[in-house]
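Q: prediction below, plus the sequence it came from.
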Amino acid sequence: MSLEVRRMTTDEMLLLDLLNTTPVRDGAPSDDLADARAAREWLAGHGQPATGDEHRAVLEARSVLQGIVRGREAPAAAARFVDDVTYRASFGDDGVEWVLDVPAGRSAAARAVLAWDALAKSSPGRLRPCANPECRLFLIDHSKPNSARWCSMAVCGNRMKARRHYQRSRTAAD
């Protein structure tokens, strides 16, 4: 497990995984949550209720969150996913623990929106789209200089660097 993954909270991972469910495969956009069965498996794999209502809410939240992170939607667009969400105090041997209460059917959507908000406040600008214009993935930059540009250095980073090298060498040859 990479250091970056270890630093991410469960809800940050849910958020990033949700944003990244619309990748480009073989040059065409795809949707990992379009199929109801696959979406239920995805939800269950992230510890969320695998219901039809959850599926619908998470699809809507994904679209809104992708728009917010890309700067195409205002943050207020996500308000409906956290309506009626509360934290409840629970006491145990270690003291107070805050438990998130969400209305049925919006657990994953609410958690993703709350994770986005927490990141936006604690690490502004660190959640962003990949700099490759042909990629539809997102990244959370945990690097100290906040300089990560690509979802994957091995894939998008190499492609973009190779493309720039080709353009420079071609310009020099002209």
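A: All right, it came through fine.
Q: now the closest residue to residue 148 other than its chain neighbours: how far from residue 84?
A: Spatial nearest neighbour of residue 148, excluding adjacent residues (Cβ to Cβ, 6 or more residues apart in numbering): residue 141 at 4.0 Å. (Each C-beta comes from the backbone N, C-alpha and C, glycine too.) Look at residue 141 and residue 84: by Cβ to Cβ, to the nearest Å, they are 32 Å apart.
Q: so these two - more neighbours on which side?
A: Neighbours were counted for residue 141 and for residue 84 using other Cβ atoms under 10 Å; residue 141 has more, 16 against 9.
Q: pLDDT value on that one, please?
A: What the model reports for residue 141 is a pLDDT of 89.
Q: ok, and what's touching the longest helix seen in the chain?
A: Longest helix of the chain, by residue count under DSSP state H: helix 52-69. If you take Cβ atoms under 8 Å, 6 or more residues apart in numbering as the criterion, helix 52-69 is touched by 15, 18-19, 21-22, 33, 36, 39-40, 43, 48, 73-75, 77-78, 81, 104-109, 112-113, 116, 127-129, 138.
Q: pull that helix out as PDB, backbone CA atoms only.
A: The C-alpha trace of helix 52-69 is given here as PDB (Å, rounded to 0.1, in the frame of the first residue of the first chain):
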ATOM      1  CA  GLY A  52     -31.400   1.100  -5.800                       C
ATOM      2  CA  ASP A  53     -31.900   4.400  -3.900                       C
ATOM      3  CA  GLU A  54     -28.200   4.400  -3.000                       C
ATOM      4  CA  HIS A  55     -27.300   3.700  -6.600                       C
ATOM      5  CA  ARG A  56     -29.400   6.600  -7.900                       C
ATOM      6  CA  ALA A  57     -28.100   9.000  -5.300                       C
ATOM      7  CA  VAL A  58     -24.500   8.200  -5.800                       C
ATOM      8  CA  LEU A  59     -24.800   8.600  -9.600                       C
ATOM      9  CA  GLU A  60     -26.300  12.100  -9.000                       C
ATOM     10  CA  ALA A  61     -23.700  13.000  -6.400                       C
ATOM     11  CA  ARG A  62     -20.900  11.900  -8.700                       C
ATOM     12  CA  SER A  63     -22.000  14.100 -11.500                       C
ATOM     13  CA  VAL A  64     -22.400  17.100  -9.100                       C
ATOM     14  CA  LEU A  65     -19.000  16.500  -7.400                       C
ATOM     15  CA  GLN A  66     -17.200  16.100 -10.800                       C
ATOM     16  CA  GLY A  67     -18.700  19.400 -11.900                       C
ATOM     17  CA  ILE A  68     -17.600  21.100  -8.600                       C
ATOM     18  CA  VAL A  69     -14.100  19.800  -8.800                       C
END
